[in-house]
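Q: just need the structure, nothing else, for what follows:
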Amino acid sequence: GQWPPPEYPPEIFLDDYRQNGHREVKKTRYMKERFMDGPAKVSQWSEELVNEFLNDARQARLKGTYGVAETNRVRDAFRHMDVAGKRVLAIGSSRPWIEALALEAGAAEVWTLEYGKINSSHPQVKTVTPDEAREMYRQGTLPLFDAVVTYSSLEHSGLGRYGDALNPWGD
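A: Okay, the predicted model is just below:
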């Protein structure tokens, strides 16, 4: 994608970002955090870090990204999902809080798809960038997933904020 991202959508895409006049495009905040082809905010997920998050989740005190109360709502949602013994894909995660919640719910393995490169040393947490996932798919080595989880991530896709391509339909 273009770097840095534009501060306002280019005229050619503006009507699409407005959803043919159904939405307003405001210039309230300009955010640019280039993760594409670079490291994520927390680029090393040690086994100890993931286990610390997992232990906090078990005690209903994991802060996640949005505080303990919101994280516990997501934790409760996992209790209604059948992920025990299954492979879960987490889309967009700069810290392994969703992954810890999935593991607490019994997931056998959690894969994280994130723009920024993350190295995980936890045996049940695998990480891939979009380019890596695309190549694995082409080679037939990307596994199937039993569940896909995302929290406050997809709505950022297509804005160029992370070095991704502009795409009015990205989310």
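Q: helices of this protein, residue ranges please.
A: 11-17, 47-58, 68-79, 97-104, 130-139 (DSSP state H).
Q: tell me which of these sits most buried.
A: Across the helices of the chain, averaging neighbours per residue (mean count of other C-beta atoms under 10 Å) puts helix 97-104 on top, at a mean of 26. For every residue, glycine as well, the C-beta is placed using N, CA and C.
Q: for that helix, enumerate the helices and strands it packs against.
A: The contact analysis (3 or more C-beta pairs under 8 Å, 6 or more residues apart in numbering; DSSP states H and E) places helix 97-104 against helix 47-58, helix 68-79, strand 87-91, strand 109-113, strand 147-150.
Q: now render the ones you listed as CSV, adding distance to residue 3 and mean pLDDT.
A: As requested, those are exported to CSV (distance: least, C-beta to C-beta, whole Å; pLDDT from 0 to 100):
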stretch, distance to residue 3, mean pLDDT
helix 47-58, 29, 98
helix 68-79, 31, 95
strand 87-91, 22, 97
strand 109-113, 21, 97
strand 147-150, 24, 95
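Q: of all those, which one comes closest to residue 19?
A: Smallest distance to residue 19 across those (C-beta to C-beta): 20.8 Å, for strand 147-150.
Q: which other helices and strands contact the closest one?
A: Here strand 147-150 touches strand 87-91, helix 97-104, going by 3+ C-beta pairs under 8 Å, 6+ apart.
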